[in-house]
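Student: Sequence and predicted structure below; questions after.
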Amino acid sequence: MQEIAKTMSAGDDEGTKPLKIETVLMTAGRDTKAQKGFVNPPVVHGSTVLYLTAEDLRAHRGEFRYGRHGTPTTKALQQSLMALEGPQCAGVGIAPSGAAAISTALLAVLKSGDHLLVCDNAYQPTRNFCNGLLSRYGVETTYFDPLIGSDVARLFKPNTKAVLIEAPGSQSFEMPDVPAIATVAHAHGATVIDDNTWATPLFHRSLEQGVDISIQAATKYIGGHSDIMFGTISANAKTWPAISEAIRLLGVCAGPDDVFLALRGLRTLAVRLAQHQRSGLEMAQWLGRRPEVLRVLHPALENDPGHAIWKRDFTGASGLFSIVLKPAPQKAVDAMLDSLKLFGMGYSWGGFESLIIPFDCAGYRTATRWAPGGPTLRLHIGLENVEDLKADLISGFQALSAA
């Protein structure tokens, strides 16, 4: 933390102001002297770390002990992510996927006999892990309405140890009140875990709003180019020891090339997300005026039910949102999707390309009823020209009407 604090306040000795976050993203985790003058750190491929003496070996004396526990490349990424997360961050663990980050965090804070609360709009693989492995290990999970706020207190049990939220949900986009839920959870001695993939810490520093562990599927906006699988686990001082121990005991790590690509993606995060936000909002507003669209699910829109919370807690929005179409048969929706040329059909998001998928939450929601009023589509607005994207969707809507 000392190195990162120094990076973020660079220039203070000369009386200059602390660096802005865009500059921090360019400078954090870089040591050009140690890198022999090169701008970027080397990609260290390694498992064994050699010790100079037997005494050093016995004492595990050295900055790096073994490749699985970290390399100069992973250290640079972790320092950069800590700077992005802010002063509440005591450490960042890296994982080979977002799902691995979620499962590692849950295993770090739960044990057999514990009770877990999970918001009903959570990423489906999170639910699968809770209903599968955690259930077999004797952890009970209760799902709750993401809009419940402080009323979540009535769901706590004496053995409730953690609350997992996703703000907003990455398909249905309900916006939980993170500070209200965190206040209740801490009053009951529970740990708060937030899936912060949608906004990233650039637009939502959840550790500063009462969250103990902030998770990202860094496959998405951190990587930014649809070419890595990656996860991050950022923790405050209270929970970092448990996270660090779980990572070590579970053997969780990521490959050196993916670490480097995540670090490279991080350098352009601010400029990419600014464009995703601009294009995403323009497309969402335009879709809201289309006759084929019943409503748009995007918390940054003023008419969205979660807008007040978003405006209070977030400093920006990403390029991911959903739309509800007016009632139409499945074959018509399929005709629309099949006709699109610029919107690819595929899972994940956060890359440079635009994506679209149909989805239906009704089959797995348990605490809330999913009845949006028509077919639902999730869109990720990439970095293409928005007029081209509009023209592509207009062709899709024509195919929808013709079918």
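Tutor: That came through, no problem. Values in this document were obtained by computation on a predicted structure and should not be read as measured data. Numbers count the residues shown, from 1 in each chain.
Student: Tell me, how many residues neighbour Ser339?
Tutor: Using other C-beta atoms under 10 Å, Ser339 has 18 other residues around it. C-beta here means a position set from N, CA and C on the backbone, and glycine is covered the same way.
Student: quick one: it and Ser395 touch, right?
Tutor: Yes: contact criterion C-beta atoms under 8 Å: Ser339 and Ser395 qualify, at 5.8 Å.
Student: Can you show me the strands along this structure?
Tutor: In the chain, the strands defined using DSSP state E lie at 91-95, 115-119, 140-144, 160-166, 191-195, 213-216, 231-235, 293-297, 320-325, 355-359, 376-380.
Student: Kindly reformat those strands as CSV containing mean pLDDT.
Tutor: Shown next, in CSV, are these (pLDDT from 0 to 100):
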stretch, mean pLDDT
strand 91-95, 98
strand 115-119, 98
strand 140-144, 98
strand 160-166, 98
strand 191-195, 98
strand 213-216, 98
strand 231-235, 98
strand 293-297, 98
strand 320-325, 98
strand 355-359, 97
strand 376-380, 98
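Student: Switch the ones you listed over to JSON lines; also include distance to Asp56 and mean neighbour count.
Tutor: Below are those laid out as JSON lines (distance: least, C-beta to C-beta, whole Å; neighbours: other C-beta atoms under 10 Å):
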{"stretch": "strand 91-95", "distance to Asp56": "24", "mean neighbour count": "24"}
{"stretch": "strand 115-119", "distance to Asp56": "42", "mean neighbour count": "24"}
{"stretch": "strand 140-144", "distance to Asp56": "46", "mean neighbour count": "20"}
{"stretch": "strand 160-166", "distance to Asp56": "39", "mean neighbour count": "25"}
{"stretch": "strand 191-195", "distance to Asp56": "37", "mean neighbour count": "28"}
{"stretch": "strand 213-216", "distance to Asp56": "34", "mean neighbour count": "30"}
{"stretch": "strand 231-235", "distance to Asp56": "29", "mean neighbour count": "29"}
{"stretch": "strand 293-297", "distance to Asp56": "57", "mean neighbour count": "20"}
{"stretch": "strand 320-325", "distance to Asp56": "48", "mean neighbour count": "23"}
{"stretch": "strand 355-359", "distance to Asp56": "50", "mean neighbour count": "19"}
{"stretch": "strand 376-380", "distance to Asp56": "49", "mean neighbour count": "23"}
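Student: Turn those into CSV, columns for distance to Pro72.
Tutor: As requested, these are arranged in CSV below (distance: least, C-beta to C-beta, whole Å):
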stretch, distance to Pro72
strand 91-95, 14
strand 115-119, 36
strand 140-144, 39
strand 160-166, 33
strand 191-195, 29
strand 213-216, 22
strand 231-235, 18
strand 293-297, 43
strand 320-325, 33
strand 355-359, 34
strand 376-380, 33
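Student: In the stretch 101-250 of the chain, what residue spans correspond to helices?
Tutor: All helices of the stretch 101-250 of the chain, identified by DSSP state H, counting those that start in this stretch, fall at 124-129, 135-136, 178-187, 200-203, 240-250.
Student: for this protein, longest helix please?
Tutor: When the chain is parsed with DSSP state H, its longest helix is helix 269-288.
Student: Against which helices or strands is that one packed?
Tutor: Judged by 3 or more C-beta pairs under 8 Å, 6 or more residues apart in numbering; DSSP states H and E, the packing partners of helix 269-288 are helix 21-27, helix 200-203, strand 293-297, strand 320-325, helix 386-402.
Student: how much space between the residue nearest to Phe129 when sequence neighbours are not counted and Gly113?
Tutor: Excluding the flanking residues, the one nearest Phe129 by C-beta to C-beta, 6 or more residues apart in numbering is Ser103, at 5.1 Å. Separation of Ser103 from Gly113 (C-beta to C-beta, to the nearest Å) stands at 19 Å.
Student: Comparing the two, which residue is more hemmed in?
Tutor: Counted by other C-beta under 10 Å, Ser103 and Gly113 do not tie: Ser103 has more neighbours, with 23 against 11.
Student: pretty sure the more buried one contacts Cys130?
Tutor: No: using C-beta under 8 Å, Ser103 makes no contact with Cys130, being 9.4 Å away.
Student: Span of stretch 316-327 from start to end?
Tutor: From the first residue to the last, stretch 316-327 extends over 32 Å; the measure is C-alpha to C-alpha, to the nearest Å.
Student: Give me the distance from it to the chain's centre.
Tutor: 17 Å (C-alpha atoms, centre = their mean, to the nearest Å).
Student: Looking at the helices and strands packed on helix 269-288, spot the one closest to Phe359.
Tutor: Among the helices and strands packed on helix 269-288, strand 320-325 comes nearest to Phe359, with 7.5 Å by C-beta to C-beta.
Student: Export the helices of the stretch 101-250 of the chain to a markdown table and append columns for mean pLDDT, distance to Thr232 and mean neighbour count.
Tutor: Formatted as a markdown table, the helices of the stretch 101-250 of the chain follow (pLDDT from 0 to 100; distance: least, C-beta to C-beta, whole Å; neighbours: other C-beta atoms under 10 Å):
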| stretch | mean pLDDT | distance to Thr232 | mean neighbour count |
| --- | --- | --- | --- |
| helix 124-129 | 95 | 15 | 17 |
| helix 135-136 | 98 | 26 | 10 |
| helix 178-187 | 98 | 18 | 20 |
| helix 200-203 | 98 | 9 | 23 |
| helix 240-250 | 97 | 11 | 17 |
